[in-house]
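*Asks:* Just to be clear, the model below is a prediction. Sequence and coordinates:
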Amino acid sequence: MSKTPVEMEDRVGRLLAVLDVDIEHLRNCLGRLGKLRCLVIKRDEAALSKLLEDIRIEAEDYAGNESKRLVLRRELANYFGLEVGRLTLSALENFLPADKRAHLAARKAALRSLVEQLRNEYVSTAVLISDCARINSALLKSILDESRGGLVCYDANGTASRANETAFVNMRL
């Protein structure tokens, strides 16, 4: 493989474009997590279903960008004579001229910031979902346990009997 600066510039340019798509994807993920929390609180099942479908579609579309990034990483690692696993954005910065280094550093900083925000949003969303599950479980337990608390049932003759092991709804006449 010939090692011309034009090839390297082309690959780095394509990598910057892929990183821009990554940045946009992370911004979309942040927005969707906020929207998810709002929809869970509002209990809007139709909108939640639509959001889930949108997430699925975007995930399928984004898979192509991940493939491009992997191919470019391999090409750049080969170009610089490194193992693919050792080529990170920080390592790549060391090989680039100052102008490309600045562009890459800006993308890297944006990605780092967005990943940190995404981590915080994810934790907030997980806590909300966990609290909803805990509250639903407590409500259901209180409803079901109350029905087993020694209810007094009367039959057609007016005779009282205790219903210790009845279901949630007593169907006796």
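*Replies:* Yep, it's here.

*Asks:* The chain: helices as residue ranges?
*Replies:* Remark: helices assigned in the chain by DSSP state H are 5-42, 45-80, 89-93, 98-146.

*Asks:* In CSV: the ones you listed, plus mean neighbour count, mean pLDDT and distance to N157.
*Replies:* (Each C-beta comes from the backbone N, C-alpha and C, glycine too.) Below are those laid out as CSV (neighbours: other Cβ atoms under 10 Å; pLDDT from 0 to 100; distance: least, Cβ to Cβ, whole Å):
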stretch, mean neighbour count, mean pLDDT, distance to N157
helix 5-42, 15, 92, 50
helix 45-80, 14, 92, 46
helix 89-93, 14, 91, 83
helix 98-146, 12, 90, 27
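
*Asks:* between the ones you listed, which one is nearest to T159?
*Replies:* helix 98-146 (23.4 Å; Cβ to Cβ).

*Asks:* Just name whatever secondary elements the closest one is in contact with.
*Replies:* Here helix 98-146 touches helix 5-42, helix 89-93, going by 3 or more Cβ pairs under 8 Å, 6 or more residues apart in numbering; DSSP states H and E.

*Asks:* Save the helices of the chain as JSON lines, and put in distance to D155 too.
*Replies:* Formatted as JSON lines, those follow (distance: least, Cβ to Cβ, whole Å):
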{"stretch": "helix 5-42", "distance to D155": "45"}
{"stretch": "helix 45-80", "distance to D155": "42"}
{"stretch": "helix 89-93", "distance to D155": "77"}
{"stretch": "helix 98-146", "distance to D155": "22"}
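
*Asks:* re earlier: of the helices and strands packed on helix 98-146, which is nearest E58?
*Replies:* Per Cβ to Cβ, nearest to E58 of those: helix 5-42, 6.7 Å.

*Asks:* circling back: which one of the helices and strands packed on helix 98-146 lies closest to A110?
*Replies:* Here helix 5-42 is closest among these (Cβ to Cβ), at 5.2 Å.

*Asks:* how far does the closest one sit from the chain's center?
*Replies:* How far helix 5-42 lies from its chain's middle: 13 Å, per Cα atoms, centre = their mean, to the nearest Å.
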